[in-house]
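Undergrad: 3D model of this:
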Amino acid sequence: MISIDHRRYSHEGIQMHKEFVLNYPSDDQAEAAWICGTRSGRDVDKIKLAGLKLVDSTTVKVPTIEGATVAFECKVMDQFETGDHTVFVGNVVGTSGNPDKPKHLFVSSRHKLFGMRGDEIPD
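TA: This next block holds a predicted model:
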């Protein structure tokens, strides 16, 4: 499951395509993760700005980020509203990733970058 604010550009894409890929960037993609987590794809080509490359997914039509530690390819099975967010329930139909990069990162809703152990990575 993922929860996305109704105003987000990603929300529109998932509503339209009924699928998504949950990419976990590798630790050497920290700057790119920060860019993608703090900019809207509605306003800028953040993939290009971040220096990332998209590759074909194994099962779904939407692309995967090259070099991600893991990518879960999902088809939307259900969705429900929770205030100003939609929770998309996805069925994982494919996975890919780079086993040589076991450490991944994520960006929180407060635009903070964290490592796998929950440690904040400074700007």
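Undergrad: need phi/psi at the residue of the chain positioned farthest from its centre.
TA: Most distant residue from the mean C-alpha position of the chain: residue 83, 21.4 Å away (Cα atoms, centre = their mean). As for residue 83, its main-chain torsions (degrees, to the nearest 10) stand at phi 70, psi -120.
Undergrad: got a list of what it touches?
TA: Neighbour list for residue 83: empty [criterion: Cβ atoms under 8 Å, 6 or more residues apart in numbering]. (Each C-beta comes from the backbone N, C-alpha and C, glycine too.)
Undergrad: give the bridge partners for residue 76, please.
TA: Beta-bridge pairing for residue 76 (DSSP bridges): residue 90.
Undergrad: that one against residue 14, yeah?
TA: Yes: at 6.6 Å, residue 76 counts as touching residue 14 under the criterion of Cβ atoms under 8 Å.
Undergrad: the more surrounded of these two?
TA: residue 14 (20 against 17; other Cβ atoms under 10 Å).
Undergrad: ok, that one to residue 32 distance?
TA: 21 Å (Cβ to Cβ, to the nearest Å).
Undergrad: now do the strands in this structure.
TA: Using DSSP state E, the strands found in the chain span residues 2-5, 19-24, 54-55, 64-65, 70-82, 85-96, 106-107, 113-114, 120-121.
Undergrad: which of these sits most buried?
TA: Highest mean neighbour count among those (mean count of other Cβ atoms under 10 Å): strand 64-65, with a mean of 22.
Undergrad: mind giving me the packing neighbours of it?
TA: strand 19-24, strand 54-55, strand 70-82 (3 or more Cβ pairs under 8 Å, 6 or more residues apart in numbering; DSSP states H and E).
Undergrad: got the ones you listed as CSV, with mean pLDDT and distance to residue 6 columns?
TA: Below are those laid out as CSV (pLDDT from 0 to 100; distance: least, Cβ to Cβ, whole Å):
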stretch, mean pLDDT, distance to residue 6
strand 19-24, 94, 16
strand 54-55, 96, 25
strand 70-82, 96, 8
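Undergrad: of the ones you listed, which approaches residue 100 most closely?
TA: strand 70-82 (12.1 Å; Cβ to Cβ).
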